[in-house]
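Colleague: Build me a model:
(one chain, ligands or ions: 2)
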Amino acid sequence: MKYSAVIFDLDGVICHTDNYHYLAWKQIADDLSICFDEKINNRLRGVSRMDSLDIILETYNGTLTDQEKRMYAEKKNIIYRSLLEEMSPTDLSDDVRKTLVELQERGYKLAVGSSSKNAKLILNKLGLGDFFDAISDGTNVTRSKPDPEVFICASEYVKVKPEKCIVVEDAKAGIEAAIAANMDSAAIGDATLSGMATHNLKCLSDLLVIL
Ligand code: B16
Ligand code: MG
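Modeller: Ligands and ions are numbered 1, 2, ... in the order given. Now for the predicted structure:
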């Protein structure tokens, strides 16, 4: 087998919490009278919470102290987590479920590589709390994608060399992180537009043909 491990980004690959992120950030932007739309929201894909706030503040007429920034980021997270309460195993698509199960049966190590500090909560909500061999997320890294740290950690957790890992990502920053980690990548959604990935997928089960 060319690869021994598959590292999945979470938001935009396994599930779709984009709209929850959007609704939560929108409330913060409205509080600060900042214009915020889907186009700006797209730039937040794969980007950490604090880096996302900095992008939103690009058009803010004023300055916030670090303490105020932390307060707004925490407020966004409280709104976001209350929206996540809506999630359940029915939010896992048949295509994603089928792909994960088949890859596990074929003997691949399966890991998550997500920027989110809420990754474990989301996986539990989806009924995938115990499914993956390893979870590398926003709680074990100090640097955000496009830095490769989150994927390097995932490969170390499953004890597979980077050259034998493939990353599945929906964000350009995530594909850049995979390249920096010396890993092949499969892009889905927005990330396919970057033209930088090793493979482009129309849906997750296309992986079953590539691997
Ligand atoms: P949190 P991923 C990323 O998840 C999201 O795409 C991004 O929009 C979010 O800002 C980031 O997680 C941090 O999330 O606020 O929950 O820590 O795509 O890397 O799985
Ligand atoms: Mg993503």
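
Colleague: going forward, measure contacts and count neighbours with C-alpha atoms only.
Modeller: Noted.

Colleague: P146 belongs to a helix, doesn't it?
Modeller: No. P146 sits outside any helix when classified using DSSP: H, G, I helix; E, B strand; the rest coil, being coil.

Colleague: isn't it right up against E176?
Modeller: Yes. P146 is within contact range of E176, at 5.3 Å (criterion: C-alpha atoms under 8 Å).

Colleague: buried stuff in the worst-scoring helix or strand of the chain on mean pLDDT?
Modeller: Sorting the helices and strands of the chain by mean pLDDT, DSSP states H and E puts helix 38-42 at the bottom, at a mean of 90. Using 16 or more other C-alpha atoms under 10 Å as the test for burial, helix 38-42 gives N41.

Colleague: Briefly note if that helix comes near ligand 1.
Modeller: No. Helix 38-42 is not in contact with ligand 1 by C-alpha under 6 Å from any ligand atom; minimum separation 7.8 Å.

Colleague: Which elements pack onto the helix or strand following that helix?
Modeller: Downstream of helix 38-42, the first helix or strand assigned by DSSP states H and E is helix 49-56. Applying 3 or more C-alpha pairs under 8 Å, 6 or more residues apart in numbering; DSSP states H and E, we find helix 49-56 packed against helix 66-84.

Colleague: Can you give the distance of the helix it packs on from its chain's centre?
Modeller: Put simply, helix 66-84 sits 18 Å off its chain's centre (C-alpha atoms, centre = their mean, to the nearest Å).
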